[in-house]
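Trainee: Here is the input, now give the coordinates:
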Amino acid sequence: MRLSQQKKAGKRVIAVGTTSVRSIESAALSAEEFGNPDLIEPYFSDTSIFIYPGKKFRVVDCLITNFHLPESTLIMLVSAFAGYKNTMNAYKHAVQEKYRFFSYGDAMFINKNSNVRELE
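Mentor: Sure thing, here's the model as predicted:
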């Protein structure tokens with residue numbers, strides 16, 4: 001099922017990894033810029049999209065990602081998705097419980113927090 005069909009059917013779009021989030025959201029932004037926001041097609045291009053708290057997500061509803069380095073742009077993306085306080089609480093828990101961080105560590109499943117506006 002294509003992403004646009006998935007969204008129209010009221011189903012969730014789950015991105016695996018922050019690169020997938022950036023790719024999907026870039027394709028959606030491109031479709032919007034070309035006047036057809038309902039048609040998200042295969043997309044081949046570089047992207048300069050920078051996702052930070054307050055940025056609107058057009059397509060992605062959930063994210064599976066690992067625990068990233070502190071003070072990184074990836075933490076900003078996760079904070080944009082889950083909210084800064086939620087993200088920091090999850091990281092505090094991960095440190096206390098000795099979760100493994102970075103590329104080969106533990107992962108988390110995050111539902112988009114639609115109340116995120118900017119850094120709280």
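Trainee: who touches the closest residue to residue 91 other than its chain neighbours in this structure?
Mentor: Leaving aside its sequence neighbours, residue 91 sits nearest to residue 67 (C-beta to C-beta, 6 or more residues apart in numbering; 6.8 Å). Just so you know, the C-beta spots here come from the backbone N, C-alpha and C atoms, and that holds for glycine as well. Taking C-beta atoms under 8 Å, 6 or more residues apart in numbering, we find residue 67 in contact with 91, 94, 99-102, 105-108.
Trainee: Is residue 66 bridged to anything, and to what?
Mentor: Residue 66 has these beta-bridge partners by DSSP bridges: residue 107.
Trainee: That one: neighbouring residues, count only.
Mentor: 18 (other C-beta atoms under 10 Å).
Trainee: For it, report the pLDDT, please.
Mentor: Here the pLDDT value assigned to residue 66 is 89.
Trainee: do residue 104 as well
Mentor: 75.
Trainee: and it, what helix or strand is that in?
Mentor: In this assignment (DSSP states H and E), residue 104 forms part of neither any helix nor any strand.
Trainee: picking that back up, for the residue nearest to residue 91, grab phi and psi.
Mentor: phi -90, psi 120 (degrees, to the nearest 10).
Trainee: quick revisit: from the contacts of residue 67, which would you call buried?
Mentor: Applying a neighbour-count criterion of 16 or more other C-beta atoms under 10 Å, the buried members of the contacts of residue 67 are 91, 94, 99, 101, 108.
Trainee: Inside strands: which ones of the residues you listed?
Mentor: residue 108 (DSSP state E).
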